[in-house]
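Colleague: Have a look at this fold, sequence not included:
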């Protein structure tokens, strides 16, 4: 059982470069999320997708774009990377149907450094 | 979603119960209390959740006060592997509350 898979696990970028973080889940969940975690800090929500075809801003959306490609995949794009975006990025998914716990399942994280 | 307040850090002796408090004085009637933990730099892991009754599972117990303004996560016999950051979150599950917001959490140190 793979759960939530993120790629790449590590990435180093130069300021101004662009890149896309990929996330895929195999649990048939409707909802997916992207968080960032800076050193010594809690997680902050960047964007989320309640269901296929919808996306919404979280706490810190500036500098990012997302695409819910299909039910399984939710990508996060940095169009012009900045050093302030150096962080660990976590993707998560959950099943919002009533009667379930609504718990979030997280990937292992993608560690991004912007020089 | 209501805000939560947790102590930044706590210590616990191995084998003893770890009691992690959380204040959520602005919780509304349909919001649940969730607990997650994050071990080292891994992705957070769900522990338990509840509405107003006390809950227990194989990992922990959750005690919610009668007025629901605070709760306590109890790890009955803490081990070194329980050293982690513990997050208390309140939200409406599962259909609402997609915007799950994590605070800074409590860093629990379990000492031998």
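Modeller: Cool, got the structure. In this text, all values refer to a predicted model and were calculated from it rather than measured experimentally.
Colleague: next one: stretch A:24-37 to chain centre, how far?
Modeller: The chain centre lies 7 Å from the centre of stretch A:24-37; the measure is C-alpha atoms, centre = their mean, to the nearest Å.
Colleague: ok, now which ones touch residue 109?
Modeller: In the absence of a named chain, this looks at chain A. Residues near residue A:109 by C-beta atoms under 8 Å, 6 or more residues apart in numbering or on different chains: A:6, A:9, A:37, A:88, A:89, A:90, B:41, B:42, B:43. (Glycine included, C-beta is placed from N, CA and C.)
Colleague: I was after chain B.
Modeller: Neighbours of residue B:109 in contact, by C-beta under 8 Å, 6+ apart: B:9, B:10, B:11, B:12, B:83.
Colleague: Look up how far chain A lies from the spatially closest residue to the fourth one that is not a sequence neighbour.
Modeller: To tie it back to what came earlier, the one meant is residue B:12. The spatial neighbour of residue B:12 that comes closest, neighbours along the chain excluded (C-beta to C-beta, 6 or more residues apart in numbering or on different chains), is residue B:18 at 4.1 Å. Separation of residue B:18 from chain A (C-beta to the nearest C-beta, to the nearest Å) stands at 19 Å.
Colleague: what's near enough to touch residue B:18?
Modeller: B:10, B:12, B:74, B:75, B:78, B:82, B:108, B:110.
Colleague: Could you give the number of residues near the fourth one?
Modeller: Going back to what we said before, that points to residue B:75. 22 (other C-beta atoms under 10 Å in any protein chain shown).
Colleague: Equivalent analysis for the third one, please.
Modeller: Neighbour count of residue B:74, defined by other C-beta under 10 Å: 16.
Colleague: Can you point out the helix or strand that includes it?
Modeller: Using DSSP states H and E, residue B:74 maps to strand B:70-75.
Colleague: Tell me the strands beside that strand, with direction?
Modeller: Here strand B:70-75 is paired, per DSSP bridges, with strand B:18-23 (antiparallel), strand B:61-64 (antiparallel).
Colleague: Any idea what the spatially most central residue of chain B is bridged to?
Modeller: Central residue of chain B (C-alpha atoms, centre = their mean): residue B:35, 3.4 Å from the mean position. Judged by DSSP bridges, the bridge partners of residue B:35 are residue B:48, residue B:88.
Colleague: Right, I'll call it a day here.
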